[in-house]
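Engineer: Show me how the following folds:
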Amino acid sequence: MGNGLIVILALILLTTLLYLEKRENRKGRLPTKIVLSMLFVVAALLQPHPLLAYYRFLLLGLLFCLVGDVFLALPPEKMFLAGLISFLLGHVCYVVGFFYVSTPNGWTLTGTLATVVVSGGIYLWLKPHLGAMKFPVFFYVVVITVMLSGAWTVLGDSGLTRSGRIMVFAGALSFYFSDVFVARDRFLKYQFINRLIGLPMYYTGQFLLAFSVGLLT
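Structural biologist: Residues are numbered from 1 along each chain as shown. Have a look, this model is predicted:
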């Protein structure tokens with residue numbers, strides 16, 4: 001299966017998923033989301049992986065995110081925290097992978113400072129609505145901020161290929177901002193617009209990270 005076919009299948013599944021989300025069709029949403037998320041795992045498996053450790057960390061992160069997608073597709077009042085933990089573990093794997101292949105540089109400090117400011121603003125925006133989830137969400141925001149810091153580090157590491165660095169950063173950034181719409185949907189206002197914007201950003205980010213496995217050297 002080539003990358004082109006993977007992208008076409010992903011677009012078809014994503015369009016189907018958005019239609020099912022619009023219709024609030026839970027029975028159809030769960031299997032569609034599982035297959036779509038399995039596809040980004042398959043994408044990583046099919047790439048060449050000259051940086052074996054990076055491939056393993058990214059693959060493990062994608063698998064945790066696949067599990068998180070399953071949890072979030074189930075009734076949110078029961079499974080949201082389990083999904084949050086799964087995605088948190090996925091981000092930890094990405095962090096390890098990013099810092100394994102790249103050396104801290106000027107982009108690390110600048111990008112981290114910018115990300116901390118944005119993450120702090122997002123958390124303060126969400127905080128009045130979080131209730132008992134204040135600490136789990138705070139911890140998640142810290143971890144995803146570190147994840148994006150790692151992506152800034154990859155972006156600034158000239159020892160890696162330009163196309164791979166851009167793909168990693170774009171993927172991590174898309175994932176980061178997709179979580180804003182997950183949080184808005186869960187804690188502020190349950191609206192289809194959150195999923196209409198957030199899901200394409202999320203899957204774009206995951207597939208870019210999956211494809212980056214073969215492009216950093």
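
Engineer: you'd agree Ser102 is up against Gly150?
Structural biologist: Yes. Counting by Cβ atoms under 8 Å, Ser102 touches Gly150, with 7.5 Å between them. Where C-beta positions appear, they are placed from N, C-alpha and C, glycine not excepted.

Engineer: Mutual contacts of those two, please.
Structural biologist: Shared contacts of Ser102 and Gly150, defined by Cβ atoms under 8 Å, 6 or more residues apart in numbering, are absent.

Engineer: Can you find the helix or strand in this structure with the smallest mean pLDDT?
Structural biologist: The least trusted helix or strand in the chain, going by mean pLDDT, DSSP states H and E, turns out to be helix 76-101, with a mean of 91.

Engineer: So what's the gap between that helix and the chain middle?
Structural biologist: Relative to the centre of its chain, helix 76-101 is centred 9 Å away, using Cα atoms, centre = their mean, to the nearest Å.

Engineer: and that helix, which residues are buried?
Structural biologist: By neighbour count with 16 or more other Cβ atoms under 10 Å, helix 76-101 contains the buried residues 79-80, 83-99, 101.

Engineer: Stretch 125-138 now?
Structural biologist: Leu126, Leu130, Met133, Val137.

Engineer: Now do the same for the closest residue to the last one other than its chain neighbours: its pLDDT.
Structural biologist: Nearest non-adjacent residue to Val137, counting by Cβ to Cβ, 6 or more residues apart in numbering: Leu130, 5.4 Å away. With respect to pLDDT, Leu130 has a value of 95.
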